[in-house]
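[1] from the sequence below, what's the structure:
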Amino acid sequence: MAVFSHGNTMKILNNPYKGVGLGLETFADIPYPSIDAATPMSLLSRCPHAAQTPLHDALEIAVTCGVAKVYLKDERARMGLGSFKSLGAAYVIARDAAKGKALGQTYVTASAGNHGLSVAAGAAAFGARAIIYIAATVPESFADRLRSMGANVVREGAFYEASMQAAMHAAERDGHALLSDSSWPGYTERPYFVMEGYLALMAEVFQQIDTPPTHLFLQAGVGGLAGAAAAIARSHWGDHTRILIVEPEVAPGLISSIEAGLLIETTGPVSSMGRLDCKVPSVIALKGLARDANDFVTINEDEGISGAAKAKSFGYETTPSGGAGLSALFSSTLDDRTVIDLNKNARVLVILSEGPEG
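    Here you go, the predicted model:
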């Protein structure tokens with residue numbers, strides 16, 4: 001297992017399980033991520049708020065980074081909610097509605113941001129109710145936005161993990177539907193379909209790009225977006241594309257799990273990349289990424305913040321979370337580039353996963 005680290009720059013782990021997966025008996029009942037993009041695309045076609053998001057050919061960034069192309073899939077205005085998460089929980093509720101199961105249902109979740117907005121929007125659209133648990137670290141402005149969408153907001157716990165435990169307890173106690181964007185042994189069905197909803201953005205990319213990228217940088221919290229995008233990219237592009245998974249170094253759930261060869265819960269301080277500040281990965285995402293990813297990468301807090309600032313200077317304003325994949329590209333050194341085969345002929349795809357806060 002090769003691990004590379006250069007000073008204060010990103011740590012890179014070459015994935016020893018690529019193509020085969022972890023092979024753990026405890027993962028036997030865990031599904032791999034879906035690659036069925038047709039179903040979410042069909043449902044999206046019926047939504048009046050849905051529209052294809054742009055794929056930018058960011059020439060100035062490519063020149064700055066010394067590569068041939070940098071493509072930015074821009075999710076900052078997705079369905080008016082400001083992130084790719086619009087495609088996830090709302091899609092699950094839409095699936096329930098198509099089966100006559102959403103009307104009058106109460107969906108409970110915990111959220112540090114965009115997932116809660118998707119739950120609230122989906123519930124409002126299909127005659128359901130939403131209860132969103134948030135931790136003390138979540139700004140009141142976000143709580144107010146959730147309330148404006150009709151959600152009941154409950155503050156519980158100092159950090160996200162505590163609010164998630166509270167949401168799980170409340171759903172079980174009151175007989176409500178838990179709708180998490182993460183998965184764990186015994187809880188996989190709804191997060192599997194949350195991840196399936198994310199496939200729509202990659203289905204759009206396949207329509208928007210003619211030649212497979214040589215590199216795909218995917219930021220990860222619990223890993224839902226990364227796991228879904230990597231699975232369908234590998235299915236569609238084969239081994240033409242090097243897939244790199246980017247995490248904050250203070251929340252290295254995926255890279256630590258790959259190093260250990262099993263699911264690991266990490267600890268650490270709060271990250272400025274708040275949407276990615278998840279200490280334990282989704283088991284569906286981990287199972288898929290162990291098979292599909294080439295490399296796992298961590299970036300530090302300064303790299304996340306400076307990367308977002310650079311993105312803004314090029315006209316692509318986002319958060320340190322939303323631009324973390326791009327930050328990894330910005331932060332790569334000459335040595336890093338050798339490790340990941342990044343050169344002047346590289347064609348890089350990055351997802352801007354959310355818009356700026358405020």
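
[2] from here on, contacts and neighbour counts on C-alpha atoms
    Fine.

[3] the helices in the stretch 251-358 of the chain, which residues?
    Taking DSSP state H, counting those that start in this stretch as the criterion, the stretch 251-358 of the chain contains helices spanning 253-260, 283-292, 301-313, 324-331, 334-339.

[4] make a markdown table from the ones you listed and add mean neighbour count, distance to Ala77 and mean pLDDT to it.
    Listed next are these as a markdown table, based on neighbours: other C-alpha atoms under 10 Å; distance: least, C-alpha to C-alpha, whole Å; pLDDT from 0 to 100:
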| stretch | mean neighbour count | distance to Ala77 | mean pLDDT |
| --- | --- | --- | --- |
| helix 253-260 | 22 | 28 | 97 |
| helix 283-292 | 28 | 25 | 98 |
| helix 301-313 | 19 | 16 | 96 |
| helix 324-331 | 26 | 18 | 96 |
| helix 334-339 | 14 | 32 | 90 |
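
[5] ends of stretch 45-65, how far apart?
    36 Å (C-alpha to C-alpha, to the nearest Å).

[6] give me the low-pLDDT residue ranges for this structure?
    Residues of the chain meeting the criterion pLDDT under 70: 1-9, 48, 358.

[7] which residue is nearest the centroid of it?
    Leu225 (3.3 Å; C-alpha atoms, centre = their mean).

[8] wait, that one sits on Glu196?
    No. With contact taken as C-alpha atoms under 8 Å, Leu225 and Glu196 are classed as non-touching, separated by 9.2 Å.

[9] before we move on, the earlier item: and the helices of the stretch 251-358 of the chain as TSV, adding distance to Pro16?
    What follows is these, written out as TSV (distance: least, C-alpha to C-alpha, whole Å):
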stretch	distance to Pro16
helix 253-260	8
helix 283-292	8
helix 301-313	26
helix 324-331	21
helix 334-339	14
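
[10] name the SS class of Glu161, please.
    helix (DSSP: H, G, I helix; E, B strand; the rest coil).

[11] what distance do you get for it to Ile134?
    10 Å.

[12] the more surrounded of these two?
    Ile134 (31 against 19; other C-alpha atoms under 10 Å).

[13] spatially nearest residue to that one (excluding sequence neighbours)?
    Nearest non-adjacent residue to Ile134, counting by C-alpha to C-alpha, 6 or more residues apart in numbering: Arg155, 4.9 Å away.

[14] kindly report the same for Leu81.
    Leu117 (7.1 Å).

[15] show me the contacts for the one you found.
    Listed by C-alpha atoms under 8 Å, 6 or more residues apart in numbering, the contact partners of Leu117 are 81, 86, 146.

[16] burial count for Thr26?
    So Thr26, with other C-alpha under 10 Å, has 10 neighbours.

[17] returning to that earlier point: so the residue nearest to the centre of the chain, which of the three states?
    helix.

[18] and the gap between it and Phe314?
    Taking C-alpha to C-alpha, one finds Leu225 at 24 Å from Phe314.

[19] again, but for Arg242
    Applying C-alpha to C-alpha to Arg242 and Phe314 gives a distance of 25 Å.

[20] look at the two and report which has more neighbours.
    Arg242 (23 against 12).

[21] now the more buried one: phi and psi?
    phi -90, psi 120 (degrees, to the nearest 10).

[22] ok, for it, nearest residue in space, not its chain neighbours?
    That would be His215: by C-alpha to C-alpha, 6+ apart, it lies 4.6 Å from Arg242.

[23] which ones are touching that neighbour?
    So His215 contacts 241-244, 342, 346-349 (C-alpha under 8 Å, 6+ apart).

[24] start and end of stretch 79-90, how far apart?
    11 Å.

[25] touching, Gly150 and Ala120? I think so.
    Yes. Applying C-alpha under 8 Å as the test, Gly150 and Ala120 come out as touching, 6.9 Å apart.

[26] so those two - more neighbours on which side?
    Ala120 (29 against 17).

[27] Three-state assignment for Ile232, please.
    Applying three-state DSSP: Ile232 is helix.

[28] and it, how many neighbours does it have?
    Ile232: 21 neighbours (other C-alpha under 10 Å).

[29] tell me the contacts of it?
    So Ile232 contacts 34-35, 199, 202 (C-alpha under 8 Å, 6+ apart).

[30] do that again at 7 Å, thanks
    Contacts for Ile232 (C-alpha atoms under 7 Å, 6 or more residues apart in numbering) come out as Ile35.

[31] repeat for Gly227
    Gly227 sits in contact with 33, 285, 288-289, where contact means C-alpha under 7 Å, 6+ apart.

[32] output the residues you listed as TSV; include the columns distance to Gly127.
    Shown next, in TSV, are the contacts of Gly227 (distance: C-alpha to C-alpha, whole Å):
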residue	distance to Gly127
Pro33	29
Ala285	30
Gly288	34
Leu289	35
